[in-house]
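Undergrad: any chance you could fold what I've pasted below:
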Amino acid sequence: MSIDTGAPISPDRLAAARLRYEVDGAVATITLDRPEVRNAQTPTMWRTLAEIGARLPDDVRVVVVRGAGSSFSAGLDRSLLVPGGGDGQERVADLLTLDDEAFSRTVGEYQEGFTWLRDPRFVSIAAVRGHAIGAGFQLALSCDLVLAADDATFCMKEAALGLVPDLTGTKPLVDAVGYSKALEICATARNVGAEEAVRIGIAIDAVPGDALDARLAELVTALTAPLPGAVRETKALLVGATDRDLDTQRRLEREAQGRRFRELAALLGGQQ
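TA: Next comes the predicted model:
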């Protein structure tokens, strides 16, 4: 998928994907805007999310992902799983017409709508109300932090449909809860409530629904208070820590700290 990173995303493109996208200073907010179907997701939405990620301004420090209405996202729009469904949109059912190479390439393009949220340049937050099912759960897991309302329900529904989670949700789920718990959640396709999500490490907090926006604003303020470089370097260190040995992690810490000292020295020198 080729994206012109210098051009803004057109309002028509966002409207076709049923997304709202706003940048206010250091904070970008993406809203899935299909409340009539609990923000069910489409390939058009995934491709447009990838475009947003590719064109995100460099000075954005926090990306918030949320859903319009009472649900975060109830998962894939199932009308796109059947031939003729989806009112002319790109359909998941069309994957069946592709050979293995094209199938893999197309799903890889869908996945780009999720993977950019892990970029060290910013911290991403999923603000979850109501349903976060299947692709909705995986979109939340793609974010660095999940903040849940107390009515939130997480479910990896794919196994119940004879499928597997393929929108990059398996690794962050294992990272959050461990292999055994992740297997149990995925294989049984059971619901995980907000309280359990906090307890097992999926969400950082669960608050009453009417307090979610205030808690989100508090978190955004805290994340944008330190110097940008400190947060970015810290995220880069933490996001890959489990895959590195201690010697490699120590080296990367030293190198990051050297960059921080040099930047701080330059800032202090400029203030004299």
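Undergrad: looking at this, Ser71 is in a helix?
TA: No - under DSSP: H, G, I helix; E, B strand; the rest coil, Ser71 sits outside any helix and is assigned coil.
Undergrad: was I right to think it contacts Glu36?
TA: No - with contact defined as Cβ atoms under 8 Å, Ser71 does not count as touching Glu36 (10.6 Å). C-beta coordinates here come from the backbone N, C-alpha and C atoms, glycine included.
Undergrad: if you count surrounding residues, which of those two has more?
TA: Counted by other Cβ atoms under 10 Å, Ser71 and Glu36 do not tie: Ser71 has more neighbours, with 24 against 10.
Undergrad: phi, psi of that one?
TA: Backbone torsions for Ser71, taken as degrees, to the nearest 10, come to phi -130, psi 150.
Undergrad: just give me the neighbour total for Thr234.
TA: Thr234: 16 neighbours (other Cβ under 10 Å).
Undergrad: the one 10 residues further on now?
TA: For Arg244, the count of nearby residues is 13 (other Cβ under 10 Å).
Undergrad: change the start of the numbering to 43 and stick with it
TA: That works, and once the first residue is 43, the last one we named lands at Arg286.
Undergrad: hang on, isn't it packed against Leu294?
TA: Yes - Arg286 lies in contact with Leu294 (Cβ under 8 Å); the separation is 7.4 Å.
Undergrad: strands of the protein, start to end?
TA: Counting by DSSP state E, one finds strands in the chain at the ranges 61-66, 69-74, 104-109, 165-170, 173-175, 187-191, 195-197, 234-235, 247-249.
Undergrad: for the first one, packing partners?
TA: Using 3 or more Cβ pairs under 8 Å, 6 or more residues apart in numbering; DSSP states H and E, the elements in contact with strand 61-66 are strand 69-74, helix 85-97.
Undergrad: cutoff 10 Å now
TA: Applying 3 or more Cβ pairs under 10 Å, 6 or more residues apart in numbering; DSSP states H and E, we find strand 61-66 packed against helix 53-59, strand 69-74, helix 85-97, strand 104-109.
Undergrad: name the residues of the helix or strand bottoming out on mean pLDDT in the chain that are buried.
TA: Sorted by mean pLDDT, DSSP states H and E, the helices and strands of the chain end with helix 288-313, the least confident at a mean of 92. Buried residues in helix 288-313, counted by 16 or more other Cβ atoms under 10 Å: 291, 294, 298.
Undergrad: again, but for stretch 137-153
TA: Those would be 137, 148-149, 152-153, for stretch 137-153 by 16+ other Cβ under 10 Å.
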